[in-house]
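# Provided below for reference: sequence and predicted model.
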Amino acid sequence: TAEGFHLRLLEHVRKTVKPGDASNMIATIDNYCYTVESGMNVGDVKGKILDDIVLETNPTTVLELGTFCGYSALRIARNLPENSRFFTVEFNPEHAAVAKEIIHTAGMDDKIQMLIGPSQEMIPQFKGMGVSHFDLVFVDHEKDLYKPDVILLEKEGLLKKGSVIVADNVVYPGSPDYIDYVRNNPKFKSTNYMSELEYHKDVVDAIEKSIYIG
Ligand SMILES: Cc1ncccc1-c1cc(O)c2nc[nH]c(=O)c2c1
Ligand SMILES: [Mg+2]
């Protein structure tokens, strides 16, 4: 069952990865998910779309909502400039513990700051942590929180003209209220990137990029 995926993945990682190498960790996780069992990591196909958006944005302050095992945190951190700040929020402590070890083994501790707790409680704390705004936000947690969390980010003044919101799973499992909100909101300019569900070539999914124009 999907229950316990994170623990089985961690066991596999402990036995196989080359420590201190984020790309090797990413490849190891993808290989496990293709050959043993798939997990809800963004994966290599949608991951490439995410990589391209990060590289084109060149963000210095980044937020990820939904760490899970740390796969996309590594993909993002790998492409950030030296002096950037990257926060990832995970509400499930068991998933966070696995992500912490995976990020540590990949040698990316100093690039990624993980916060454990509900996104609605964590988002209001960023101003107090010296964050003026986020240049890029990757939304990949609970589909029902996409819309309320983006609304909260704006309310907290954490979006600035040009801030980029990248949302996973806008087709499968889908977040219809988020898509409706962001596409009909004059403050955002959205682009859809049709793709496939991670590790499932036969299932359609998509990433939505929304630029905040304020
Ligand atoms: C729901 C689902 N069913 C079958 C296969 C994969 C998924 C799935 C895929 C994802 O990329 C997810 N990302 C963030 N949060 C999720 O809950 C989630 C769930
Ligand atoms: Mg996802």
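Thanks, I have the structure now. Numbering: from 1, shown residues only. Ligands and ions are numbered 1, 2, ... in the order given.

# From now on I want contacts and neighbour counts done on CA atoms only, so please keep to that.
OK.

# Close to ligand 2: what parts of the chain are there?
When proximity is defined by C-alpha under 5 Å from the ion, the chain lies next to ligand 2 at Asp140, Asp168.

# all strands for the chain, in order.
Ranges of strands in the chain, per DSSP state E, are 61-65, 85-90, 113-116, 134-139, 159-167, 188-196, 204-212.

# Same list (the ones you listed) but as a markdown table, adding mean neighbour count and mean pLDDT.
Shown next, in a markdown table, are the strands of the chain (neighbours: other C-alpha atoms under 10 Å; pLDDT from 0 to 100):
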| stretch | mean neighbour count | mean pLDDT |
| --- | --- | --- |
| strand 61-65 | 24 | 99 |
| strand 85-90 | 22 | 98 |
| strand 113-116 | 17 | 98 |
| strand 134-139 | 24 | 99 |
| strand 159-167 | 22 | 99 |
| strand 188-196 | 17 | 98 |
| strand 204-212 | 21 | 98 |
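
# Format those strands as a markdown table; extra columns: distance to His6.
Below are those laid out as a markdown table (distance: least, C-alpha to C-alpha, whole Å):
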| stretch | distance to His6 |
| --- | --- |
| strand 61-65 | 17 |
| strand 85-90 | 13 |
| strand 113-116 | 16 |
| strand 134-139 | 20 |
| strand 159-167 | 22 |
| strand 188-196 | 22 |
| strand 204-212 | 22 |
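
# Can you add distance to ligand 1 and give those strands back as JSON lines?
JSON lines is the format used below for these (distance: least, C-alpha to the nearest ligand atom, whole Å):
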{"stretch": "strand 61-65", "distance to ligand 1": "9"}
{"stretch": "strand 85-90", "distance to ligand 1": "11"}
{"stretch": "strand 113-116", "distance to ligand 1": "16"}
{"stretch": "strand 134-139", "distance to ligand 1": "8"}
{"stretch": "strand 159-167", "distance to ligand 1": "9"}
{"stretch": "strand 188-196", "distance to ligand 1": "10"}
{"stretch": "strand 204-212", "distance to ligand 1": "9"}
